[in-house]
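Engineer: predicted model and sequence follow; I will ask about them next.
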Amino acid sequence: MTPVRRRDLVVLAAGLAVAAWLLVRATYGSLPQLRWWLPVPIAVLAVAELLGARTLRARLAAQRDRRPPAERGTAPVRPVEPMLVARLAVLAQASAYVGAAFVGIWVGVLLYVAPAVARLQAAAGDTLTSVLGVACAAALVGAALWLESACRVPPPSDDEGPPTGARA
């Protein structure tokens, strides 16, 4: 698996921002009011991925240090399943793209409603929701990229022997 390219995320967000701006510009009058809680599920996913990245990073660091199981009252280190790390890496990459897509959509909405606050009554609430949406989606992208970096396998250190199956 290759890491997510930041450039791809920026291109996706920019393209969807333009598309969302055009769509909202054409249909704003017939759209329902944007409620403040719409971006909350994205924020919940971002928090879950942040906690998952923190936990995974700590477990992998403990496993690499090869701490003894019972060290002065600390809990034994549970080994990390390789398939769990692979699944979390896939989740992180998918979440990064989803977060970038929502950043673009919310930015497109924001680009239309923010200048319209003075002339449209509904635009004030929609602007607040759009800002919240951009923040939550950006948090998801950041959490996903951090989770992806926690899933990377570190390069072997020099003090370790040659890889298994390597010939001298």
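Structural biologist: That came through, no problem.
Engineer: how far out from the middle of the chain is the longest helix seen in the chain?
Structural biologist: The helix of greatest length in the chain, counted in residues with DSSP state H as the criterion, is given as helix 82-113. A distance of 5 Å separates the C-alpha centroid of helix 82-113 from that of its chain, computed with Cα atoms, centre = their mean, to the nearest Å.
Engineer: in it, what's buried?
Structural biologist: Neighbour-count burial for helix 82-113 flags 85, 88-89, 91-93, 95-113 (criterion: 16 or more other Cβ atoms under 10 Å). Bear in mind the C-beta positions are built from the backbone N, C-alpha and C, glycine included.
Engineer: OK, contacts around residue 150?
Structural biologist: The neighbours of residue 150, taking Cβ atoms under 8 Å, 6 or more residues apart in numbering as the test, are 53, 56-57, 60, 88.
Engineer: give me the pLDDT value at it.
Structural biologist: Residue 150 carries a pLDDT score of 93 in this model.
Engineer: before we move on, what about residue 1?
Structural biologist: So residue 1 comes in at 79 (pLDDT).
Engineer: in the worst-scoring helix or strand of the chain on mean pLDDT, what's buried?
Structural biologist: Each helix and strand of the chain was given a mean pLDDT (mean pLDDT, DSSP states H and E); the minimum falls on helix 40-65 at a mean of 93. If you call a residue buried by 16+ other Cβ under 10 Å, then helix 40-65 has these buried ones: 42-43, 45-46, 49-50, 52-53, 56, 59-60, 62.
Engineer: so residue 2: helix, strand or coil?
Structural biologist: Going by DSSP: H, G, I helix; E, B strand; the rest coil, the secondary structure assigned to residue 2 is coil.
Engineer: so it versus residue 93, what's the distance?
Structural biologist: Taking Cβ to Cβ, to the nearest Å as the criterion, residue 2 is separated from residue 93 by 9 Å.
Engineer: try residue 140
Structural biologist: In this structure, residue 140 lies at 12 Å from residue 93, with Cβ to Cβ as the measure.
Engineer: now swap in residue 146 and tell me
Structural biologist: Here residue 146 is placed at a distance of 12 Å from residue 93 (Cβ to Cβ).
Engineer: if anything else comes up later, I'll come back, but that's it for now.
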